[in-house]
Structure formats: structure tokens, C-alpha cells
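Undergrad: build me a model from this:
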Amino acid sequence: MTRPFAIAVAPNGARRGKADHPRLPLTLPELVEAAAAAEAAGAAMLHLHVRDDRGAHVLDAGRYRAALSALRAELGDRMILQITTEAIGRYSAAEQIALVEAVRPDSVSLALREIFPEGGDTAAPAALFRRMEDRDTLYQIILYDTADLVRMEALQDRGLLPEGPLAILPVMGRYSGTGAGAAEFAAYLAAGITRHAFMLCAFGPGEAGFMARGAAHGGHARVGFENNLWLPDGSLAPDNAAIVAATARQTAGRPLARAGDLRRLWRVPPGVIAADGSCGTETTTVRITKNVQQGEMT
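TA: Purely as a prediction, here's the structure:
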């Protein structure tokens with residue numbers, strides 16, 4: 001059975017506003033509306049940023065709890081709801097950890113270089129990952145280049161991150177306006193992202209093409225106004241749901257995953273399937289170990 005292809009929607013991010021696109025959701029009602037439309041278009045997960053009263057990015061536990069409650073009331077279990085811990089140069093690793101502990105989300109994204117800053121404390125973030133493992137939190141580690149992947153696996157070797165395949169989000173391009181490039185994707189593949197359960201993120205109008213390439217290599221996709229405002233034909237997307245729908249047509253022949261599929265595949269890398277051959281489309285237990293030879297899974 002073919003491995004399902006999951007789409008996550010990132011509808012707003014930390015930096016863009018209404019001046020960038022009038023349909024970029026900032027308020028809670030706008031977020032709920034955008035999430036529901038994206039789910040109907042094929043998204044299995046929402047990557048959530050909340051804003052303060054001025055529309056600025058904020059890591060606020062109360063706002064996150066209110067947003068998660070409203071979203072769950074609207075969506076039920078049809079989407080995985082993932083909060084971000086993005087620092088944007090404002091928040092420390094300690095504040096990010098405190099947020100996760102206060103909210104106890106079902107899913108959370110954490111940038112490796114923010115939660116484990118170079119030369120910084122390793123005990124506190126390592127303890128956070130152990131607690132998230134105990135709580136079955138669906139955590140996803142954001143990587144901004146291949147050096148982050150190498151460092152992540154080194155942290156695993158030191159026992160500071162859980163062993164085995166992890167859920168990762170390799171990012172291509174930058175907030176500065178630099179779009180994703182083919183060399184970045186090739187470098188990620190050469191470095192071994194397929195050892196892990198990867199979901200691609202690509203800045204700029206080439207987003208859909210990179211999602212199709214990722215799908216062909218067994219990965220998943222994160223799309224939306226946080227990173228891109230355009231459809232594959234180069235026109236401005238009317239809303240996030242239109243980008244999700246366009247991505248759903250780029251599956252490389254794989255069936256579209258729903259929230260339950262993505263949950264079961266969360267840390268299952270390409271080429272590894274459930275013991276019964278279901279590729280995560282049924283509830284199964286999968287045991288995965290990392291082979292010392294690069295790229296091999298048993």
C-alpha cells in the first residue's frame with residue numbers, strides 16, 4: 001500500500017500581516033475560518049502562530065490555550081494542531097520550554113538552533129524532550145540547513161535527543177526574501193533527511209514544485225502564507241486553502257493523508273512501513289532502529 005502524503009498548513013507565521021495579503025489570518029475567528037477551509041482542501045495539520053492585540057507574534061500560553069480550544073471545537077480531531085515556539089530573536093530557550101510546559105500541546109515545532117543554542121544549556125532542553133516523549137507529544141524539529149541535521153544527530157548520539165528517526169522540518173529559503181533553491185533540496189537529500197520522517201518547508205513561489213519533489217522522496221509538505229503567497233501558476237493565491245488544494249494535486253501518486261494517518265506516520269521515515277504493510281493507514285505498532293550505515297533502516 002502506498003505511503004500517504006500529508007499536508008500541513010502554516011496560515012500566518014510570525015512576520016507577515018494584512019499588508020502582505022488581506023486574507024492572512026491574524027485574529028482567532030480568522031484563524032478558525034482559515035483552518036477549517038484548509039482542512040476541507042486537504043490539510044491534515046495546522047501550524048499555529050498566535051498574535052497579540054497589536055498583531056505581533058507572541059508566545060503566550062493563555063492565547064494558545066484559547067486558540068486551541070476554539071480550533072478543537074470547530075475541527076474536532078480532523079486536524080493535528082501544532083503550536084510554534086519560534087523565537088524571532090525575542091524569546092529564549094528557557095521561555096520556549098516554559099511555554100511548552102504551560103500549554104502541554106498535542107503537537108509543537110521547535111527549531112534546533114533555538115532550543116539547543118550553540119554553547120548554551122543542554123540539560124533543560126534534553127529534559128523537555130524526555131517529558132514530551134513521556135506525554136506522547138508530536139514534536140517536530142525545524143532544521144535550517146544540513147549543518148542542523150548533522151548537529152541534531154550528534155545530539156542524539158550524546159543522548160540529548162531521543163534515538164531513532166525523528167519528525168523534522170527541513171527549511172529551504174529564508175524570511176529575508178530568498179526563495180528556496182534546488183541546491184538546498186539536493187543537499188538535504190545527500191545529508192540524509194530520508195533517515196527521518198521529513199516534512200518540507202520552502203519559501204517563495206517555487207513552493208509547490210518542491211513539495212512535489214519531497215512527495216516523490218516519501219516526505220510530507222508544509223505550505224501556506226507563512227512562507228509563500230503564490231499558486232504554482234505564479235498568480236497570487238486568494239487564500240491558504242487554495243495553496244493547500246494546489247499542493248494536494250502534487251502528491252506523486254500517493255493518497256492524501258488525514259490527521260490519523262499523519263499521527264501514525266509521525267516518526268516513520270520513507271521506506272519504512274508498518275509491520276502489516278499498511279504504511280500507517282491502520283493502527284499498528286512499528287519498531288524502528290537506526291543502522292550505523294547511513295540511510296539504512298531496520
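Undergrad: when you work out contacts or count neighbours from here on, use the C-alpha atoms and nothing else.
TA: Noted.
Undergrad: dump the residue contacts of residue 258.
TA: By C-alpha atoms under 8 Å, 6 or more residues apart in numbering, the contact list for residue 258 reads 6, 42, 43, 44, 78, 79.
Undergrad: confidence score at it?
TA: Among the per-residue scores, residue 258 shows a pLDDT of 98.
Undergrad: residue 23 versus that one, what's the distance?
TA: 25 Å (C-alpha to C-alpha, to the nearest Å).
Undergrad: now residue 150
TA: For residue 150, the distance to residue 23 equals 38 Å [C-alpha to C-alpha].
Undergrad: if we can go back for a sec, can you pick out the most distant pair from the contacts of residue 258?
TA: Of all pairs drawn from those, the one with the longest distance (C-alpha to C-alpha) is 6 and 78, at 12.6 Å.
Undergrad: point out the other helices and strands that the one helix or strand residue 188 maps to packs with.
TA: Following DSSP states H and E, the helix or strand that holds residue 188 is helix 182-191. Contact here means 3 or more C-alpha pairs under 8 Å, 6 or more residues apart in numbering; DSSP states H and E; on that basis helix 182-191 packs against helix 146-157, strand 167-172.
Undergrad: find the centremost residue of the chain, please.
TA: With distances taken as C-alpha atoms, centre = their mean, the residue of the chain nearest its centroid is residue 169 (5.3 Å).
Undergrad: which residues touch residue 247?
TA: Under the criterion of C-alpha under 8 Å, 6+ apart, the contact partners of residue 247 comprise 7, 208, 211, 212, 223.
Undergrad: again, only using 7 Å
TA: Contacts for residue 247 (C-alpha atoms under 7 Å, 6 or more residues apart in numbering) come out as residue 208.
Undergrad: quick check, residue 46 in a strand?
TA: Yes. Remark: residue 46 belongs to a strand, assigned using DSSP: H, G, I helix; E, B strand; the rest coil.
Undergrad: quickly list what it is bridged to.
TA: Taking DSSP bridges, one finds residue 9, residue 81 as the beta-bridge partners of residue 46.
Undergrad: hmm, it is touching residue 84, no?
TA: No. Contact status for residue 46 versus residue 84: not in contact, 10.3 Å apart, counting by C-alpha atoms under 7 Å.
Undergrad: now do the strands in the chain.
TA: For the chain, the strands defined by DSSP state E cover 7-9, 45-48, 80-84, 107-111, 138-143, 167-172, 197-202, 220-223.
Undergrad: ok, which of the ones you listed comes nearest residue 94?
TA: When these are compared for distance to residue 94 using C-alpha to C-alpha, the nearest one is strand 107-111, at 12.4 Å.
Undergrad: which neighbouring elements make contact with that closest one?
TA: strand 80-84, strand 138-143 (3 or more C-alpha pairs under 7 Å, 6 or more residues apart in numbering; DSSP states H and E).
Undergrad: so of those, which one's packed in deepest?
TA: strand 80-84 (a mean of 24; mean count of other C-alpha atoms under 10 Å).
Undergrad: and that one, what does it pack against?
TA: Using 3+ C-alpha pairs under 7 Å, 6+ apart as the contact test, the elements touching strand 80-84 are strand 45-48, strand 107-111.
Undergrad: for it, list the C-alpha coordinates in CSV.
TA: What follows is the C-alpha trace of strand 80-84 in CSV, where atoms were taken according to Å, rounded to 0.1, in the frame of the first residue of the first chain:
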residue,chain,number,x,y,z
ILE,A,80,-3.4,17.9,14.3
LEU,A,81,-3.0,21.3,16.0
GLN,A,82,0.7,22.2,16.3
ILE,A,83,1.9,25.3,18.1
THR,A,84,5.1,27.1,17.3
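Undergrad: any regions of the stretch 51-200 of the chain where pLDDT drops low?
TA: 176 (pLDDT under 70).
Undergrad: at 50 what do you get?
TA: Applying pLDDT under 50 to the stretch 51-200 of the chain flags no residue at all.
Undergrad: picking up where we left off before, most packed of the helices and strands packed on strand 80-84?
TA: For those, the stretch with the most neighbours on average is strand 45-48, a mean of 25; neighbours defined as mean count of other C-alpha under 10 Å.
Undergrad: what's in contact with it?
TA: When contacts are taken as C-alpha under 7 Å, 6+ apart, the neighbours of strand 45-48 outside the stretch itself are 7, 8, 9, 10, 35, 79, 80, 81, 82, 83, 84, 259.
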